[in-house]
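**Student:** please work out how this folds:
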Amino acid sequence: MAPQKDRTKKSSASAEEVEAPVEEATEERPKSALDEVMSQAERAYAAYMDAERQVAKAYHENEMQVAKAYKRAEAQASRAYESTATAAMKDRDGAIAKAAKARQDLMAKAEEAYAAAESSANSAYETIIAEAAKSRDENLERAWAVRDETIEQAWQIYSKIAR
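**Tutor:** Next comes the predicted model:
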């Protein structure tokens, strides 16, 4: 682009230099075909430069819009992340609370089961001890009765002998 600009500027400058003295001499002379072409070329170049500025402006505006869209997408992604993280934290806290409640319930049931087993064991112990004591007492009574009979028999034998 720069070489074209330079050529166009040089061409127009050259044409002006060449024609300037002629124009001064003959101001009423109509413009030549070369002047007309140069004028059109200058207008075309000016239009081209204007179009180039408009394209640059459009690219800049597009870049700004893309940047805004990116920032919106970034903000939306951040909000989605925060929302998801908050929901996950809430779910985690709920699960931990539920697990703690289940643990507490299980511990209470274990305590109840232990207390029931302890009570049952104590009851069985007391029953067995009571039966053992009853059996012991019955055995002692029988043994005492046998002793009394044996002593009675021994006295009867002794009293028969001693008479």
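**Student:** look up how far Ala102 lies from Thr150.
**Tutor:** With the distance defined as CB to CB, to the nearest Å, Thr150 ends up 69 Å from Ala102. Where you see a C-beta, it was placed from the backbone N, CA and C, and this is true even at glycine.
**Student:** same question, Tyr81
**Tutor:** From Tyr81 across to Ala102, the span is 31 Å (CB to CB).
**Student:** cool, Met49 as well?
**Tutor:** Met49 is 78 Å from Ala102, by CB to CB.
**Student:** ditto for Glu126
**Tutor:** On the measure of CB to CB, Glu126 and Ala102 end up 36 Å apart.
**Student:** again, but for Ala115
**Tutor:** Applying CB to CB, the value for Ala115 to Ala102 is 20 Å.
**Student:** now swap in Ala132 and tell me
**Tutor:** 44 Å.
**Student:** where does the chain have low pLDDT?
**Tutor:** Within the chain, the segments meeting pLDDT under 70 span 1-30, 163.
**Student:** which element is the spatially most central residue of the chain on?
**Tutor:** By CA atoms, centre = their mean, the mean C-alpha position of the chain lies nearest to Ala85, the distance being 4.3 Å. Per DSSP states H and E, Ala85 falls inside helix 33-161.
**Student:** next one: Lys31
**Tutor:** Lys31 belongs to no helix or strand, assigned by DSSP H and E.
**Student:** what is the neighbour count of Met38?
**Tutor:** Counted by other CB atoms under 10 Å, the residues lying close to Met38 total 19.
**Student:** could you do Ala41 as well?
**Tutor:** Using other CB under 10 Å, Ala41 has 14 neighbouring residues.
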